[in-house]
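**Q** I'll drop the sequence and a predicted model, then ask my questions.
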Number of protein chains: 2
Amino acid sequence: MFIPVQAGRASEEIALQIEAAIMDGRLSPGERLPSEREMQSQFGTGRGVIREAIKILKQKGLLEVKKGAKGGAYIRQLDVGNISESLALFLKQHPVEPEKLIEFRETLDRTITQLAIAHAEQAEKDELVKEALRLEAMLLEDEPDFTASSELDRQLNIMLARMARNPLFEWVMHAIQMGFNSHDYALYEDKAYRERAAANWSKTAQAIAQGELMRALGFIGYHYVLLRQCIDEKATLTNEPDAEFLQKDEQ
Amino acid sequence: MFIPVQAGRASEEIALQIEAAIMDGRLSPGERLPSEREMQSQFGTGRGVIREAIKILKQKGLLEVKKGAKGGAYIRQLDVGNISESLALFLKQHPVEPEKLIEFRETLDRTITQLAIAHAEQAEKDELVKEALRLEAMLLEDEPDFTASSELDRQLNIMLARMARNPLFEWVMHAIQMGFNSHDYALYEDKAYRERAAANWSKTAQAIAQGELMRALGFIGYHYVLLRQCIDEKATLTNEPDAEFLQKDEQ
DNA sequence: TGCCTACAATGGTCGGACCAAACACGAATA
DNA sequence: TATTCGTGTTTGGTCCGACCATTGTAGGCA
């Protein structure tokens, strides 16, 4: 099945061979690779090289390694998690201005909304409304659970993306949702914004359910108006002179 | 209730430590990690573990490893390549229908075009026109170089994405371009399509350069009309050669 | 029948050895 | 003096053989 290697960078060569075997279906998700000691002799190389190759593929998300008897390297079905992770890593080194992220999210939302209205089943649209109302109720409580509501917000977005009936939008949305969960939920910290944003989510969902594209787009626009306002306010608050005072306070 | 912890895994622990050091700036791009043998004693572990940790980080794109004296592991500035790669990998395992890809690309192109017209410098727009004309000239030859023209087409797309002045669009476009380079260039194989598509690219670029949004969007629409036609034709040709005449009434 | 222990398979780690590439520096040469 | 050629040192790349830790299982024992 595998061809022995001799050139430099053997581990990468081996990783490529295994990756190819996975990609063209000679190995399918759930199956197990031979044990390290066995591959060692199949490839005609040392065990360290095999281990490094496995590490590479594991990092790529293609393999899952288990210890013990019946252990070994199992082929994994890739999920969006890996993309989200590398995106998050990238964004840590290349901070994107919040405005750029918002711009991206807004165009993404608008596109997805159009597609969702056109393609989704009525049942899904009703489900979206139901969940949006649930989020609204959750956020109107006196002591909202921020973790739960952020999670629900994320799920609403992903649900909407799925309704577009195009996996590419679903994946991009997923990656964005996982890549940064910081800015968006600033909106929910302030009571005034929270109530308006929640009500707006419900209205958006209802407009979608009724097939009212332009109204839905209007609500989406308002959501981002709110978000921009909210972030601006926070920025001026923390950049004001008394920020200095706050720092001293912390020491 | 409790989350199981995979004990051991020293290499991953080390990778995390180094990654943290990079992320919070204790190590900056361009700097060099200690040699493997040195880290071996610093971490109090075997050299194999260190090597596996380095492999992980290298795969993540955080390190670049060089051999020889003055070699070693250098901290790298991340680029979009890594994200594109993981997306491409994902897309290979989860094939999407061509129509879904086209739908995605079309909305992406339209959005990017709007932003590019609004944000790009005139010089960039003129450069785009110049390159589009170059592509057109290249494709009008009797014996076009498909590799070179596909590459130029890709670069035009990425150039346009960069003009949107939002790294997120650049990233998505990059990833898409790398993820599948198959369908799009079907357009260039047939002489009739090739000429129309090339001329259309030039017109699109010119409309962008002149700030004519609606005209540009029109040309983009036409590009995808052509692409869909072309793919349909190919599909019917390869699947049932006799049914060719059924598609004739389309134009 | 049901629990428990011993065993075998497998990944994880260690240390030492050697190879191969890349660079530095000095000697030999034009 | 400037250039070229070796030669040595540093460093990653590979191999080997041993041992440890975990895990599933089969067989023994109550």
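**A** Nice, thanks for sending it over.
**Q** need the residues of chain A near DNA strand C, please.
**A** Counting by Cβ under 7 Å from any atom of the strand, chain A comes close to DNA strand C at A:8, A:33, A:35-38, A:47-48, A:51, A:54, A:65-73. All C-beta spots, glycine's among them, are computed from the backbone N, C-alpha and C.
**Q** which bits of chain A sit near DNA strand D?
**A** So chain A meets DNA strand D at A:8-11, A:40, A:44-49, A:52, A:66-71 (Cβ under 7 Å from any atom of the strand).
**Q** and those residues, which of them are buried?
**A** Among the residues of chain A next to DNA strand D, those classed as buried by 16 or more other Cβ atoms under 10 Å in any protein chain shown are A:10-11, A:40, A:45, A:48-49, A:52.
**Q** I'd like to know which elements whichever strand or helix holds residue A:233 is packed against.
**A** Using DSSP states H and E, residue A:233 maps to helix A:213-239. When contacts are defined as 3 or more Cβ pairs under 8 Å, 6 or more residues apart in numbering or on different chains; DSSP states H and E, helix A:213-239 sits against helix A:98-119, helix A:191-209.
**Q** picking up where we left off before, export the buried ones among the residues of chain A next to DNA strand D as CSV, with columns for pLDDT.
**A** Compiled in CSV, those are given as follows (pLDDT from 0 to 100):
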residue, pLDDT
A:10, 89
A:11, 93
A:40, 95
A:45, 94
A:48, 96
A:49, 96
A:52, 96
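**Q** want to try JSON lines for these, with secondary structure and distance to chain B as columns?
**A** Below are those laid out as JSON lines (DSSP: H, G, I helix; E, B strand; the rest coil; distance: Cβ to the nearest Cβ, whole Å):
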{"residue": "A:10", "secondary structure": "helix", "distance to chain B": "12"}
{"residue": "A:11", "secondary structure": "helix", "distance to chain B": "7"}
{"residue": "A:40", "secondary structure": "helix", "distance to chain B": "14"}
{"residue": "A:45", "secondary structure": "coil", "distance to chain B": "14"}
{"residue": "A:48", "secondary structure": "helix", "distance to chain B": "6"}
{"residue": "A:49", "secondary structure": "helix", "distance to chain B": "10"}
{"residue": "A:52", "secondary structure": "helix", "distance to chain B": "5"}
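**Q** residues in contact with residue A:92?
**A** residue B:23 (Cβ atoms under 8 Å, 6 or more residues apart in numbering or on different chains).
**Q** low-confidence bits of chain A, can you list those?
**A** A:1-8, A:180-185, A:238-251 (pLDDT under 70).
**Q** the same query, at a cut-off of 50, please.
**A** A:4, A:6-7, A:242-251 (pLDDT under 50).
**Q** show me which residues of it sit near chain B.
**A** Contacts of chain A with chain B, taken as Cβ under 8 Å from any Cβ of the partner chain, map to A:11, A:23, A:48, A:51-52, A:55-56, A:59-62, A:67, A:77-80, A:82-83, A:86-87, A:89-90, A:92-94, A:96, A:100-101, A:103-104, A:107, A:111, A:115, A:166-169, A:171-172.
**Q** helices - which of those residues land there?
**A** The helices, defined by DSSP state H, take in A:11, A:23, A:48, A:51-52, A:55-56, A:59-60, A:80, A:82-83, A:86-87, A:89-90, A:92-93, A:100-101, A:103-104, A:107, A:111, A:115, A:167-169, A:171-172 from those.
**Q** which SS class is residue A:64?
**A** strand (DSSP: H, G, I helix; E, B strand; the rest coil).
**Q** same thing with residue A:161?
**A** Secondary structure state of residue A:161, per three-state DSSP, is helix.
**Q** how much space separates it from residue A:85?
**A** Applying Cβ to Cβ, to the nearest Å, the value for residue A:161 to residue A:85 is 19 Å.
**Q** also residue A:169?
**A** 20 Å.
**Q** neighbour-wise, which of those two wins?
**A** Comparing residue A:169 with residue A:85 by other Cβ atoms under 10 Å in any protein chain shown, the one with more neighbours is residue A:169, at 23 against 18.
**Q** residue contacts, that one?
**A** Residues counted as contacts of residue A:169 (Cβ under 8 Å, 6+ apart) are A:108, A:111-112, A:115, A:161, B:104.
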